[in-house]
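Undergrad: sequence and predicted structure below; questions after.
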Amino acid sequence: MQYRHVRIAVVAMAGLSLGVSSLAVAQWPSNAAANLRLTDRTGEQTQSKIRATSDGGCYVSWYDNSSGGYDVHLQRLDRDGNILWSHNGLLIADRSFSSTQDYGLAVDPEDNAIITYRDDRATGVQIGVNKVLPNGVLAWGANGVLVTNTTASVANPKVTATTDGHYIVGWSQDASIGMQRLDADGAPQWTAGGMILTPAAGSYIMSELQPSIDGSFIALWVRPTGNFLSPKHLYSQRFEADGVALWNSGDPVIIFDANSVQFGYFPSFVTDESGGAVYGWYETGGDRNCYAQHVLVDGTVRFAHNGVAGSIQAGRLGLSPDVSYDAANDDIYLFWTETNTNQNAWGLYGQRFASGVRQWSDNGLEVSALDGQQESFVQSLVAGGIPMAFTFDGSASDLIIGYGFDATGAMIWTGGSTTVTSAASDKLRLDSVSNTCGDALLTWGDARFDTRDIMAQNVNPDGSLGAAIPVVADMNCDGDVTLADVTPFVLALLDADAYAAQFPCCDIGNADVNADTEIDGLDIHAFTQSILGN
C-alpha cells in the first residue's frame with residue numbers, strides 16, 4: 001500500500017496537530033520464482049555478501065565485471081526490500097583485476113557500512129577500505145583509505161567495527177597477517193603498515209575478524225605449518241584496542257591442530273554476544289568430521305581441545321559447515337554437507353550443542369537424506385530465536401531450500417521446508433544474515449538472466465517469503481490489538497521517523513485503520529473501535 005504525504009489541518013487527539021505518514025511499496029517478493037534482482041548489467045556480478053542494519057534492512061555488496069575489472073559495488077535495502085540507492089548499486093572501487101579474491105563487509109553501530117578490498121588504483125596492489133553512510137555518501141572519499149603501502153603480496157582482507165566507534169582491517173601479507181585500527185575518519189591508529197604477525201615457521205593467512213567488548217576484537221587465522229601441502233591449523237586471539245594480545249598470556253589460542261583444514265578453506269566464526277567467540281570448521285584428515293568450539297571472553301576454551309564433532313557416524317564425511325549461536329539459550333548450531341566415502345551422494349545434516357554436548361544424536365540430525373543432489377554453501381542462522389538452515393540443493397540447476405527447527409530438531413515450517421528460489425539456474429556463493437525482525441536475509445549469484453546477477457530474498461520466521469502480513473491497528477507488532485498499541489499509534493501519527501526508530505520491525509501502515517491510504521486523524525475513530533472491540 002502506498003501512503004501519500006498529505007498535511008491535514010487540525011485533529012483533536014490530546015490537543016495535538018497530526019501529520020500523515022507514508023510508506024513505500026514492499027519489494028521482497030513472495031514468489032520463489034521471482035526473487036529480488038539487484039543487478040541487471042552485462043557480464044558477471046558475483047561474490048555477494050549481506051549484512052544487517054539495526055532497522056531490519058541490510059547492505060549487499062558484490063564484484064561487478066561488466067566493464068572490465070571486478071569492481072566493488074554496494075547496495076542498501078530497507079526492511080521491506082526496497083532498494084534505497086541507485087540502480088545496480090554504488091561504485092565503491094573501480095579496479096582492474098581479472099579475477100577475484102575474498103573481501104570484507106561489516107556494519108557499525110551507526111549503521112554505516114565498512115568495506116575492504118584489494119585495491120590496484122594506486123601503486124601496486126594494496127588493501128583499501130571505505131566507509132559508506134546510510135545515505136550512500138562515501139565518507140572517506142572516492143578513493144577510500146589505503147591501510148598498506150608495501151611491495152609484499154597482500155590478500156584476503158577482512159574488516160570489523162568495534163564497540164568504541166573504530167574499525168579493524170586485517171589481511172594476509174606474504175607469510176604473515178597484518179592488522180590496522182582506523183578511527184571514525186579513517187585515520188590509522190597504529191604504526192604505519194599496521195601490526196604484522198609472523199610465525200617462527202610456516203605462515204599465517206587471515207580468515208576472519210569479529211568485534212568483542214570494550215573496543216577489543218577477535219581474529220581467526222589459518223596457520224600452514226610448512227609449504228602449501230603441509231597441515232593447516234586454526235589459531236585465534238583477542239586483542240585490546242591498542243593491539244595487545246589478551247588470551248593465553250599473549251599466545252594464540254589453538255582452535256584446531258589435529259590433521260588439517262582444507263587448502264584454500266578459511267572458516268568464519270560468530271560472537272557469543274559476551275565478548276567470546278564460537279567457531280565451526282571441518283577437517284581433511286582423520287575422521288573427516290565437522291567441529292565446533294567456544295572460547296569465552298577471558299580466553300577459556302569451553303570444549304575439549306580441537307573441539308567437539310557434530311557427528312561420529314562411520315563411513316560419512318562432513319564438509320563446509322556453518323555455525324550460529326543462540327545467546328539466549330547458550331546453544332550452538334552447526335549445519336554441514338554430508339557425503340559418503342565415494343563422494344557421489346550428498347545430504348544436509350545438523351547438530352545442536354548444549355554446553356558442548358550433542359543434542360541431536362551422536363550421528364547428527366538428518367535434514368536432507370543423501371542423494372544425487374549436492375547440497376553446498378550451507379548457511380546456519382538463529383533468527384528470532386529460531387534455528388534455520390539454508391542450502392543450494394543441486395550442483396547444476398540449483399534451488400535454494402530453507403528449514404526452520406525447534407530445539408528438538410523437529411522441522412517447524414509448513415511442509416517441512418521452504419523453497420527460497422525455484423528458478424532452475426546456475427547459482428554461486430550463498431550468503432545470509434538474520435535481522436532484528438527475526439527474518440533471514442539471503443543473497444547469491446544467479447545466472448537465470450545472463451552470465452550472473454546478484455539476487456536477494458527474505459524469509460520470515462514462519463518460513464514464508466515476502467513482506468509480513470500486517471495486522472491493522474497492531475502498532476507494537478505483538479500480534480494483538482490492545483491498549484498497549486495506543487502510545488505507538490499516537491507516535492505514528494505525530495512523528496513517522498520516531499515511530500520507525502522505536503518500532504523498526506513494525507509496518508506503519510497498520511495505523512491506516514480506516515483503509516483510506518492515508519495515516520491521519522481520521523484513523524483515530526477506527527483505531528478506538530478496534531481497541532474496544534478487543
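TA: That came in fine, so what should we check first? Numbering: from 1, shown residues only.
Undergrad: run through the residues that contact residue 381.
TA: 324, 387-390, 432-434, 440 (Cβ atoms under 8 Å, 6 or more residues apart in numbering). (Glycine included, C-beta is placed from N, CA and C.)
Undergrad: which ones among those map onto strands?
TA: The members of those that map onto strands under DSSP state E are 324, 387-390, 432-434, 440.
Undergrad: and the residue most central in space within the chain, what are its bridge partners?
TA: Note on the chain: the residue nearest the mean C-alpha position is residue 433, at 3.3 Å, using Cα atoms, centre = their mean. Beta-bridge pairing for residue 433 (DSSP bridges): residue 441.
Undergrad: just to check, it is in contact with residue 52?
TA: Yes: taking contact to mean Cβ atoms under 8 Å, the distance of 4.8 Å between residue 433 and residue 52 places them in contact.
Undergrad: between these two, which contacts overlap?
TA: 58, 441.
Undergrad: okay, now residue 191: neighbour count?
TA: Applying other Cβ atoms under 10 Å, we find 10 residues neighbouring residue 191.
Undergrad: check what pLDDT it gets.
TA: Among the per-residue scores, residue 191 holds a pLDDT of 96.
Undergrad: helix/strand/coil for it?
TA: With DSSP: H, G, I helix; E, B strand; the rest coil as the basis, residue 191 sits in coil.
Undergrad: list phi and psi for it.
TA: phi -60, psi 150 (degrees, to the nearest 10).
Undergrad: so what's residue 107 up against?
TA: If a contact means Cβ under 8 Å, 6+ apart, then residue 107 has 51-53, 59, 113-114, 161 as its contacts.
Undergrad: now, which of these sits nearest residue 490?
TA: Minimum separation from residue 490 among the contacts of residue 107 (Cβ to Cβ) is found for residue 53, which lies at 26.2 Å.
Undergrad: and the closest one, how close does it get to residue 436?
TA: With distances defined as Cβ to Cβ, to the nearest Å, the gap from residue 53 to residue 436 amounts to 8 Å.
Undergrad: these two: which is more packed in?
TA: More neighbours sit around residue 53 than around the other of residue 53 and residue 436, counting by other Cβ under 10 Å; the figures are 22 against 16.
Undergrad: so what pLDDT did the more buried one get?
TA: Predicted confidence (pLDDT) for residue 53: 97.
Undergrad: likewise for residue 507?
TA: Note for residue 507: predicted pLDDT of 84.
Undergrad: was I right about it contacting residue 468?
TA: Yes: contact criterion Cβ under 8 Å: residue 507 and residue 468 qualify, at 7.4 Å.
Undergrad: tell me the mean pLDDT for stretch 514-530?
TA: When pLDDT is averaged along stretch 514-530, the result is 91.
Undergrad: buried stuff in it?
TA: Applying a neighbour-count criterion of 16 or more other Cβ atoms under 10 Å, the buried positions in stretch 514-530 are 514, 518-524, 526-527, 530.
Undergrad: what about the helices in this structure?
TA: 486-494, 496-502, 524-532 (DSSP state H).
Undergrad: for those helices, which one ends up most surrounded?
TA: A comparison of the helices of the chain by mean neighbour count, using mean count of other Cβ atoms under 10 Å, puts helix 486-494 on top with a mean of 20.
Undergrad: per-residue confidence averaged over that one?
TA: Confidence over helix 486-494, taken as the mean pLDDT, stands at 93.
Undergrad: from the chain's centroid, how far away is that helix?
TA: On the basis of Cα atoms, centre = their mean, to the nearest Å, the separation between the geometric centre of helix 486-494 and that of its chain is 32 Å.
Undergrad: quick one, it and helix 524-532 angle?
TA: Orientation of helix 486-494 against helix 524-532 (axes from the mean of the first three to the mean of the last three Cα atoms, to 10 degrees) gives an angle of 160 degrees.
Undergrad: now do helix 486-494: which elements does it pack against?
TA: Using 3 or more Cβ pairs under 8 Å, 6 or more residues apart in numbering; DSSP states H and E as the contact definition, the elements that helix 486-494 packs against are helix 496-502, helix 524-532.
Undergrad: quick check: which ranges of the stretch 251-400 of the chain have low pLDDT?
TA: Using pLDDT under 70 as the threshold, the predicted model of the stretch 251-400 of the chain has low-confidence ranges 396-397.
Undergrad: between the buried residues of stretch 514-530, which is nearest residue 28?
TA: Closest to residue 28 out of these is residue 519 (21.5 Å), distances taken as Cβ to Cβ.
Undergrad: is that closest one in contact with residue 493, as I believe?
TA: Yes: Residue 519 is within contact range of residue 493, at 6.7 Å (criterion: Cβ under 8 Å).
Undergrad: circling back: which of the contacts of residue 107 fall in strands?
TA: Among the contacts of residue 107, the ones falling in strands (DSSP E) are 51-52, 59, 113-114, 161.
Undergrad: extract the C-alpha set from stretch 259-272 and format it as PDB.
TA: Taking C-alpha atoms only, stretch 259-272 is exported to PDB below (Å, rounded to 0.1, in the frame of the first residue of the first chain):
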ATOM      1  CA  ASN A 259      45.200 -33.300  11.000                       C
ATOM      2  CA  SER A 260      44.400 -30.200   8.700                       C
ATOM      3  CA  VAL A 261      41.800 -28.000   7.300                       C
ATOM      4  CA  GLN A 262      41.300 -27.900   3.500                       C
ATOM      5  CA  PHE A 263      43.700 -26.000   1.400                       C
ATOM      6  CA  GLY A 264      42.000 -22.700   0.400                       C
ATOM      7  CA  TYR A 265      39.500 -23.100   3.200                       C
ATOM      8  CA  PHE A 266      39.100 -20.100   5.500                       C
ATOM      9  CA  PRO A 267      36.300 -20.600   8.100                       C
ATOM     10  CA  SER A 268      34.400 -17.800   9.700                       C
ATOM     11  CA  PHE A 269      33.100 -17.600  13.300                       C
ATOM     12  CA  VAL A 270      30.500 -15.700  15.300                       C
ATOM     13  CA  THR A 271      30.500 -13.800  18.500                       C
ATOM     14  CA  ASP A 272      28.800 -15.100  21.600                       C
END
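Undergrad: residues touching it, excluding its own?
TA: So stretch 259-272 is in contact with 102, 156, 205-208, 210-212, 218, 220, 222, 228-234, 236, 277-286, 294, 296-297, 320, 322-325, 327, going by Cβ under 8 Å, 6+ apart.
Undergrad: cool, and stretch 281-289?
TA: Contacts of stretch 281-289 from elsewhere in the structure, counted by Cβ under 8 Å, 6+ apart, are 231, 234, 255-256, 258-263, 265, 267, 290-291, 307, 309-312, 316-321, 336.
Undergrad: quick check on these: which are buried?
TA: Members of the contacts of stretch 281-289 that pass the buried threshold by neighbour count (16+ other Cβ under 10 Å) are listed as 231, 234, 255-256, 259-261, 265, 267, 290-291, 307, 309-311, 316-321, 336.
Undergrad: thinking again about what came up before, any chance of CSV for the helices and strands packed on helix 486-494, columns distance to residue 354?
TA: What follows is the helices and strands packed on helix 486-494, written out as CSV (distance: least, Cβ to Cβ, whole Å):
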stretch, distance to residue 354
helix 496-502, 35
helix 524-532, 42
